[in-house]
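Turn this into a model:
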Amino acid sequence: MVVVQTKAGGGGTSLVPVSDRVVAFLPYLLPLISGLRYSRYFFAAFPAAIIMLQPLLPIVKIVATLPLGNLIPFFAAYLGVARNQNLSRFCRFNGMQAILLDIVLIFPGLLESLFSREILGITIPYFLSKWMYNVIWVGLVVAFALCAVGCATGRYVNLPVVSEAAEAQMR
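You can find the predicted model right below:
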């Protein structure tokens, strides 16, 4: 078994097996797939960047054809990883952080719905909507990349606010 030595939260050292690093990474696909709706303006401006999503296409197609969409993978990540006491703390923390990152993505959609003609009678100007979508997408991709590298190296990645909430759920 291949392991990576890392600094644990308390300053000690711990070993993270490769299998745990893979399990810890998989839930991060959930917010990435959920956040695809915010990528349209980014990929319109940078069409060559779509190549980075090619490996995810089969997963995206499966999730899109599921009757409950992201709900099944969400509960699979929550119950199968984040709340599974048989897994290491590293897996559970990363699973919870990924789930909370996915939940954070609900808020821009709520804001967008609030500022619709049907509810407030106000629409978000196109340039502001485009800017907001790009900020959300790029922020999500950066968070995903940081967490993916953290999982691959067996290190905890602390995302502002999200990590604190994940830590609180671990208690």
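
do you know how far the residue nearest the centre of the chain is from residue 48?
Residue closest to the mean C-alpha point of the chain, counted by C-alpha atoms, centre = their mean, is residue 31 at 3.2 Å. Relative to residue 48, residue 31 is positioned 23 Å away (C-beta to C-beta, to the nearest Å). Using the backbone N, CA and C atoms, a C-beta is placed for each residue, glycine as well.

shaky segments in this protein?
Scanning the chain for pLDDT under 70 picks out 1-14, 117-121.

hmm, try it at 50
1-13 (pLDDT under 50).

Tell me where it has helices.
18-25, 29-34, 40-45, 57-65, 71-77, 89-104, 106-114, 126-153, 162-170 (DSSP state H).

want to try a markdown table for the ones you listed, with distance to residue 83 as columns?
A markdown table is the format used below for those (distance: least, C-beta to C-beta, whole Å):
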| stretch | distance to residue 83 |
| --- | --- |
| helix 18-25 | 13 |
| helix 29-34 | 15 |
| helix 40-45 | 33 |
| helix 57-65 | 21 |
| helix 71-77 | 10 |
| helix 89-104 | 7 |
| helix 106-114 | 20 |
| helix 126-153 | 18 |
| helix 162-170 | 9 |
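
could you list every residue that touches the residue nearest to the centre of the chain?
Shown in contact with residue 31 (C-beta atoms under 8 Å, 6 or more residues apart in numbering): 98, 101-102, 104-105, 140, 143-144.

Distance check, it against residue 124.
Where residue 124 is concerned, residue 31 sits at a distance of 22 Å (C-beta to C-beta).

How about residue 86?
45 Å.

Compare those two (neighbour count), which wins?
Higher neighbour count among residue 86 and residue 124: residue 124, with 15 against 6, using other C-beta atoms under 10 Å.

which non-adjacent residue is nearest that one?
Once flanking residues are discounted, residue 124 sits nearest to residue 115: 5.0 Å by C-beta to C-beta, 6 or more residues apart in numbering.

Surely the one you found and residue 125 touch.
No - using C-beta atoms under 8 Å, residue 115 is not in contact with residue 125, being 10.0 Å away.

who has more neighbours, the two?
residue 115 (16 against 10).

so how far is residue 104 from the more buried one?
Residue 115 is 18 Å from residue 104, by C-beta to C-beta.

And residue 34, by the same measure?
10 Å.

for residue 131, same thing?
Plainly put, residue 131 is 18 Å away from residue 104 if you go by C-beta to C-beta.

More neighbours: which of these two?
residue 104 (20 against 13).
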